[in-house]
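Visitor: Got a predicted model here, sequence first, then my questions.
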Amino acid sequence: MASSRKLVIYAALVGNSLIALMKFVAAFITGSSAMFSEGIHSVVDTGNQMLLLYGLKQSKKPADDQFPFGHGKEIYFWSFVVAIMIFAVGAGVSIYEGIHRLGNPTAIENIMVNYVVLGLAMVFEGGAWFFALKEFKRAKGDSGYLEAVHRGKDPSIFVVLFEDSAAMLGLTVALIATALTQLTGNLYLDGVASIVIGLILAGTAAWLAVETKSLLIGESANNHVVRGIRKLALTIRNINHVNEVLTMHMGPDFILVNISVEFSDQATATDIEDAVALLDDKIKKAYENVQRVFIEAEARHSVLPSGVK
């Protein structure tokens, strides 16, 4: 899975690096504001992919005394930074450039250069987008797209997919603006396109920030995992009741489990010790991402709200 993540990011990194170079050359030749905004967009995406690769590397560092549960949340932190970068740099510069161009409209020169670069960019970006989509489909399973993003615990793939999707929309806007400018001679369309590209980036950044923020704070495992752990616990001899199952993702591949159970009054210390060991083993075998399990022995009434029996 980790290698798949890296392949998706590397594909986007190579594609965006080439695209950024082409866009800036085209912007210099034609003077197009929309093309310049697209160049900024590609540079930001390239930097973001570097941050994601760094986050993946850091998240694999082993646990130590200072970080006893490892560094898995590094990828969540750097994914959140990516969202901020898209908003602050990508959206900010594009909107500023668009507003500036509306106040100082200029004709686009050598407009065919724009068409060639935008066409090539769509080919490269489309390839990276298709690769990211294919991996995302594999990871999401039977879930819907929005559900998979909301419930997904690995942001590295959907961040790249969203970036590439925003890039394809931006390229489409730039292409339409270039064509309309050529057909109508309206010099303001270039600036308007730059602002629209900035708004697309701002929307993408906001969505990514919301999704990665919850992971950074600490999301629980998906419902089917929690339900499965509860059912497993009830199969263990001398466990009469499961009070609650608390889980948290410490990284895409690390689930922390804290389970509170009520043991039989007749269970001896040895019985309880055997039950704890067996439950720990069963949970970890059933869910490979569960790496730490804490089991608390509590009476049912001590964890239920007042009035609930």
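Guide: Here it is on my side, so go on. Residues are numbered from 1 along each chain as shown.
Visitor: What about Leu180, how many residues nearby?
Guide: 15 (other CB atoms under 10 Å). All C-beta atoms are positioned from the backbone trio N, CA, C, and that covers glycine.
Visitor: For the strand or helix carrying it, list every residue counted as buried.
Guide: According to DSSP states H and E, Leu180 maps onto helix 155-184. By 16 or more other CB atoms under 10 Å, the buried positions in helix 155-184 come out as 155-171, 173-175, 177-178, 181.
Visitor: what's the spacing between that helix and its chain's center?
Guide: 19 Å (CA atoms, centre = their mean, to the nearest Å).
Visitor: can you check stretch 283-296 too?
Guide: 25 Å.
Visitor: mind saving the C-alpha coords of stretch 47-56 as PDB?
Guide: The C-alpha trace of stretch 47-56 is given here as PDB (Å, rounded to 0.1, in the frame of the first residue of the first chain):
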ATOM      1  CA  GLY A  47       5.900  21.500  -3.800                       C
ATOM      2  CA  ASN A  48       2.900  19.800  -2.200                       C
ATOM      3  CA  GLN A  49       3.900  16.500  -3.600                       C
ATOM      4  CA  MET A  50       7.300  16.900  -2.100                       C
ATOM      5  CA  LEU A  51       5.700  17.700   1.200                       C
ATOM      6  CA  LEU A  52       3.600  14.500   1.000                       C
ATOM      7  CA  LEU A  53       6.600  12.400   0.200                       C
ATOM      8  CA  TYR A  54       8.400  13.900   3.200                       C
ATOM      9  CA  GLY A  55       5.300  13.200   5.400                       C
ATOM     10  CA  LEU A  56       5.200   9.600   4.200                       C
END
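Visitor: quick one: average pLDDT of that stretch?
Guide: In this model, stretch 47-56 has a mean pLDDT of 88.
Visitor: what does that stretch rub up against?
Guide: 2, 5-6, 9-10, 12-13, 16, 74-75, 77-79, 81-82, 85-86, 156, 159-160, 163 (CB atoms under 8 Å, 6 or more residues apart in numbering).
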